[in-house]
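Q: dropping the sequence and predicted coords here.
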Amino acid sequence: MRVRRLAPPRLGRAPRLALAGLCFAAATLIALESHDSHPAALVGVVISRHSLPAGAVLTEPELRVSRWPREQVPDGAWRAVSPLVGRRLAAGVTAGEVLTSARVVGRDLTRGLAPGLVAVTVRVAEPRLADLVHPGDRVDLYPVGAAGDQVGGPVPPAAVRPVAEAAVVLAVLPGTAGPDGSVSDLTDGGATPGDTVVVGVGTRVAAVVTVTNSSQMFAVVLDPP
């Protein structure tokens with residue numbers, strides 16, 4: 001006696017498509033449930049409540065802590081407000097922007113500088129320099145006389161050659177501030193307060209800049225990108 005094996009019934013096209021759709025829906029539901037059970041980790045970062053200009057001294061009401069997904073937090077982001085109070089901005093920030101170490105005047109300004117470069121501050125003759133020059137720009141520095149001198153006359157011979165070329169701008173500070181954020185008074189002896197620019201230069205150029213008269217001012221020429 002022979003035993004015949006019966007082949008399983010074959011589904012038509014429509015049932016097969018319906019079954020495939022059910023499998024896809026089940027897989028999607030499982031993936032969504034898995035994603036919901038592992039939400040993105042959130043961390044606290046300090047952001048600015050308002051737009052602030054370069055050189056602004058930070059106060060507590062202008063800052064707040066916001067929760068951001070960890071993978072979206074920029075490098076060097078500040079996590080607490082209190083260490084920032086009283087510090088000066090190296091560059092302007094917009095409302096809601098995360099405050100990073102590169103945005104605040106201090107030792108972190110030199111982070112990422114190439115070996116052999118140091119930060120040095122120079123006083124500039126141009127008013128409202130922060131409207132033209134920003135951190136990351138490359139500039140040439142020309143000596144144009146002492147603070148308090150009349151600006152706009154004939155260019156002195158010393159200004160023909162730049163003291164520094166293609167210096168990277170680290171910060172532009174309206175008023176007068178050193179790289180540590182301290183503000184000096186330039187009104188003594190008839191000097192006129194002006195902007196200060198912090199640039200990264202080689203040690204030889206830094207020595208030339210620092211041994212000049214403390215009232216020396218410079219013209220800043222913005223290099224093309």
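A: Alright, I've got the coordinates.
Q: from Ala167, how far off is Val209?
A: According to CB to CB, to the nearest Å, Val209 and Ala167 sit 10 Å apart. For every residue, glycine as well, the C-beta is placed using N, CA and C.
Q: quick one: Asp223 from Val104, how far?
A: The gap separating Asp223 from Val104 is 25 Å, by CB to CB.
Q: give me the more crowded residue out of those two.
A: When Asp223 and Val104 are compared on other CB atoms under 10 Å, the one with more neighbours turns out to be Val104, at 22 against 11.
Q: what's the helix or strand encompassing Val122 packed up against?
A: If you go by DSSP states H and E, Val122 is part of strand 117-124. If contacts are counted by 3 or more CB pairs under 8 Å, 6 or more residues apart in numbering; DSSP states H and E, strand 117-124 sits against strand 196-202, helix 203-211, strand 216-222.
Q: I'd like these written out as a markdown table, with mean pLDDT added.
A: A markdown table is the format used below for those (pLDDT from 0 to 100):
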| stretch | mean pLDDT |
| --- | --- |
| strand 196-202 | 90 |
| helix 203-211 | 85 |
| strand 216-222 | 85 |
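Q: hey, which of these is tucked in deepest?
A: The highest average neighbour count among the helices and strands packed on strand 117-124, using mean count of other CB atoms under 10 Å, belongs to strand 196-202 at a mean of 23.
Q: what lines up beside that strand in the sheet?
A: When pairing is defined by DSSP bridges, strand 196-202 lines up against strand 117-124 (antiparallel), strand 164-173 (antiparallel).
Q: thinking again about what came up before, next SSE after the strand holding Val122?
A: Next along the chain from strand 117-124, counting by DSSP H and E, comes strand 138-146.
Q: okay, angle between that next one and strand 196-202 too, please.
A: If you take axes from the mean of the first three to the mean of the last three CA atoms, to 10 degrees, strand 138-146 sits at 120 degrees to strand 196-202.
Q: what is the mean pLDDT for strand 138-146?
A: Regarding strand 138-146, the rounded mean pLDDT is 84.
Q: ok, now stretch 60-72?
A: Mean per-residue pLDDT for stretch 60-72: 95.
Q: pull out the buried residues from it.
A: If you call a residue buried by 16 or more other CB atoms under 10 Å, then stretch 60-72 has these buried ones: 62-63, 68.
Q: format those as JSON lines; extra columns: distance to Thr121 and secondary structure.
A: Below are those laid out as JSON lines (distance: CB to CB, whole Å; DSSP: H, G, I helix; E, B strand; the rest coil):
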{"residue": "Glu62", "distance to Thr121": "25", "secondary structure": "helix"}
{"residue": "Leu63", "distance to Thr121": "25", "secondary structure": "strand"}
{"residue": "Trp68", "distance to Thr121": "33", "secondary structure": "strand"}
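Q: reformat those as JSON lines; add distance to Ser51.
A: Shown next, in JSON lines, are these (distance: CB to CB, whole Å):
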{"residue": "Glu62", "distance to Ser51": "10"}
{"residue": "Leu63", "distance to Ser51": "13"}
{"residue": "Trp68", "distance to Ser51": "19"}
